[in-house]
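S.K.: just the structure for this:
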Amino acid sequence: MKTLKIFGGIVVVLALLLAAVAAFVAYKFDPAWAKQEITRVIKEQKQRTLLIEGDVGLSFFPSLGVSLGKTTLSEFQSEKQFAGIDNAKVSVRLIPLLSKKLEVDHIDLSGVRAVIIRRKDGSFNFDDLLSKKKAQEESAAVKFDIAGIGLTGAIDYRDEGSGQTYRLDQLAVKTGRIANVAKGVVKFSGHFADKNNALQLDLGADYDIDVDAQRFALSSLKGKLSGDA
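M.R.: Reported below is the predicted structural model:
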């Protein structure tokens, strides 16, 4: 259950980062400039390198849409890759942006890949992205509301203290509403494996998110498991 919460947390981190990128591009209406500026801001404020290959696409009908091709994000103060996507599409409602509210119809991410590391001191390699102080400042500046998220890809997990490693591939995730404070249902499937086990997952759960309180909780887990464990 703890591992699933960690995987769920990283999905939220990736989605929120992409939503912020989409809002910035939509607000400025200049994809080329926004691409350069986002990269600079991520480097200066997060001390991570964001690399967006190709152009940032912008469409206006039937809703304001932003699309990204292959994109990667580095580890903190390193050029080593932390996460990446092959393709992403986001449709954003423009008018709420004028009131610093981000309303997104849907986020679709394909080819997601991330490496989650739990260090020996118990910290994670994405903790800087979830800094409580920064999260409070950012949530006060922008309120977000995402109708749903669709995601496919693979996530690797490594515990440097215990030496345990996990891999979740063939991953497919669908969520309900995601917002600063939200509850909903998430469904996900995939192939989960470590050194001794290999399981096919087909699960669903209720989630409870509160960004200001730094809470991401799963409950009422239901589904099917098959394989060797």
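S.K.: measure Leu58 to Lys224 for me?
M.R.: Distance, Leu58 to Lys224, by CB to CB, to the nearest Å: 41 Å. Just so you know, the C-beta spots here come from the backbone N, C-alpha and C atoms, and that holds for glycine as well.
S.K.: quick one: which of those two has more around it?
M.R.: Neighbour count, other CB atoms under 10 Å: between Leu58 and Lys224, Leu58 has more, with 18 against 11.
S.K.: so that one, which of the three states?
M.R.: Three-state call for Leu58 (DSSP: H, G, I helix; E, B strand; the rest coil): strand.
S.K.: residue ranges for the helices of the protein, please.
M.R.: For the chain, the helices defined by DSSP state H cover 2-28, 31-41, 132-141.
S.K.: please enumerate the strands of this protein.
M.R.: 50-52, 57-59, 64-68, 71-74, 81-85, 87-93, 101-118, 143-146, 149-159, 165-175, 178-179, 181-193, 198-210, 215-228 (DSSP state E).
S.K.: CSV please, covering those strands and showing distance to Ala34 and mean pLDDT.
M.R.: Supplementary listing: these in CSV, determined by distance: least, CB to CB, whole Å; pLDDT from 0 to 100:
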stretch, distance to Ala34, mean pLDDT
strand 50-52, 10, 89
strand 57-59, 9, 74
strand 64-68, 9, 77
strand 71-74, 13, 92
strand 81-85, 17, 92
strand 87-93, 13, 80
strand 101-118, 15, 85
strand 143-146, 18, 75
strand 149-159, 22, 92
strand 165-175, 26, 93
strand 178-179, 23, 84
strand 181-193, 27, 92
strand 198-210, 27, 91
strand 215-228, 28, 87
